[in-house]
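*Asks:* just coords:
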């Protein structure tokens, strides 16, 4: 949970100095870990613990958290290399990641546990360790619902983050998932580019406004890139974050509405399993930008976690031929979909919006899959 801090100018200076000092210490520990190949927590802590306290003035627990941050960073790097997220082993990016130590930005997030960070929920303040001593009475702002969640479920460490001159604490909350109910039926959701989400009920969440917004941002981005100045580069970074926030907001609105309808009607939610679609399809050059910016994965993630929090059953089903199969007679043919918007079965004549037909097919597959999932195991 993201909680906004409201520090005074004096508290802000202390927080800034703390972040910079902790990240300098973490970078030093990272260089030692890289030079001596110490990627385990105990070995690295024995090597740098005393140095972090003496040289950078860290207390015992912040020094331990800095070491843990370094170990986690190298574990993440190893996982990314193994998953191919940095390219093949012979690529320049892959070789650079292996040949240089991890470096932490001056304002990178810093984790704090309950020994160096405490919450005063009634007063809505926090007390946090800084390089200038324990800083008490830092106010935070949150809604009543967020405060109730913090009081009941906050557990473990919290990350101190500075973003755009604003300060946040990212608090870890261990919220138990409610037990999913037995669905009376399913809502099939077809995700697309023109229509971001179309349900089997016929509800259509269009993506035209988001598409226009992205094209406008692309024009502004090309204008700024042509200037090639430091100011233009800073503006480009701000615009990229703004565009990302806008797409996330749209996905939140769509997923919230679909989950609320499913919960109100005691139905489950089914979506197509679209993993790896960017690698499977071949596109023209003018289509690549549209597909690469298609936020379908994030929409699926929002639907999954919101459904889990509401106790709504959620399934991913096979995506093959959902837009070419007739939901009435089962005839599957590419010619059934004459164009992007229309479906007409060549065998039985069933016609309708193509995205709604795809949503109905997703719903039908969810019905079959749920029967298989909930079927009792055969007796030995």
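*Replies:* Alright, I've got the coordinates. Quantities reported herein were computed from a predicted structural model and do not represent experimental measurements. Numbers count the residues shown, from 1 in each chain.

*Asks:* give the contact list for residue 261.
*Replies:* Applying C-beta atoms under 8 Å, 6 or more residues apart in numbering, we find residue 261 in contact with 187, 199, 201, 203, 267. C-beta here means a position set from N, CA and C on the backbone, and glycine is covered the same way.

*Asks:* residues contacting the fourth one?
*Replies:* This means residue 203. With C-beta under 8 Å, 6+ apart, residue 203 has these contacts: 258, 261.

*Asks:* distance check, it against residue 266.
*Replies:* To residue 266, residue 203 is 17 Å away according to C-beta to C-beta, to the nearest Å.

*Asks:* just to revisit the earlier point, got the contacts of residue 261 as JSON lines, with secondary structure columns?
*Replies:* Below are the contacts of residue 261 laid out as JSON lines (DSSP: H, G, I helix; E, B strand; the rest coil):
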{"residue": "187", "secondary structure": "strand"}
{"residue": "199", "secondary structure": "strand"}
{"residue": "201", "secondary structure": "coil"}
{"residue": "203", "secondary structure": "coil"}
{"residue": "267", "secondary structure": "coil"}
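
*Asks:* residue 157 belongs to a strand?
*Replies:* Yes - with three-state DSSP as the criterion, residue 157 is part of a strand.

*Asks:* would you reformat the contacts of residue 261 as JSON lines and include pLDDT?
*Replies:* Listed next are those as JSON lines, based on pLDDT from 0 to 100:
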{"residue": "187", "pLDDT": "95"}
{"residue": "199", "pLDDT": "92"}
{"residue": "201", "pLDDT": "91"}
{"residue": "203", "pLDDT": "89"}
{"residue": "267", "pLDDT": "95"}
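
*Asks:* pull the most distant pair out of those residues.
*Replies:* 203 and 267 (12.9 Å; C-beta to C-beta).

*Asks:* in the helix ranked longest in the chain, what's buried?
*Replies:* If you go by DSSP state H, the chain has its longest helix at helix 230-264. Judged by neighbour count using 16 or more other C-beta atoms under 10 Å, the buried positions of helix 230-264 are 235, 243, 247, 250, 251, 254, 255, 258, 259, 261, 262, 263.

*Asks:* touching, residue 86 and residue 98? I think so.
*Replies:* No - between residue 86 and residue 98 there is no contact under C-beta atoms under 8 Å: 9.1 Å.

*Asks:* so between those two, which is more surrounded?
*Replies:* Per other C-beta atoms under 10 Å, whichever of residue 86 and residue 98 has more neighbours is residue 86, with 18 against 12.

*Asks:* surely the more buried one is in a helix?
*Replies:* No - counting by three-state DSSP, residue 86 is not part of a helix but coil.

*Asks:* tell me the confidence at it?
*Replies:* pLDDT, residue 86: 87.

*Asks:* report the contact partners of it.
*Replies:* Contacts of residue 86 (C-beta under 8 Å, 6+ apart): 80, 93, 94, 97.

*Asks:* please pick the buried ones from those residues.
*Replies:* For those, buried by 16+ other C-beta under 10 Å: 94, 97.

*Asks:* which one of the contacts of residue 86 is nearest residue 364?
*Replies:* Checking those against residue 364 by C-beta to C-beta gives residue 80 as the nearest, at 38.2 Å.

*Asks:* how close does that closest one sit to residue 87?
*Replies:* 10 Å.

*Asks:* how about residue 246?
*Replies:* Residue 246 is 29 Å from residue 87, by C-beta to C-beta.

*Asks:* quick one, phi psi at residue 339?
*Replies:* Residue 339 has phi and psi values of phi -150, psi -170 when expressed as degrees, to the nearest 10.

*Asks:* excluding chain neighbours, give the residue nearest to it in space.
*Replies:* residue 354 (8.0 Å; C-beta to C-beta, 6 or more residues apart in numbering).

*Asks:* just give the nearest non-adjacent residue to residue 351, would you?
*Replies:* residue 344 (4.3 Å).

*Asks:* I'd guessed that neighbour sits against residue 350; true?
*Replies:* Yes - when contacts are counted by C-beta under 8 Å, residue 344 is listed as touching residue 350 (7.3 Å).

*Asks:* the nearest residue to residue 232 once chain neighbours are set aside and residue 76: what is the separation?
*Replies:* Leaving aside its sequence neighbours, residue 232 sits nearest to residue 224 (C-beta to C-beta, 6+ apart; 4.4 Å). Separation of residue 224 from residue 76 (C-beta to C-beta): 31 Å.
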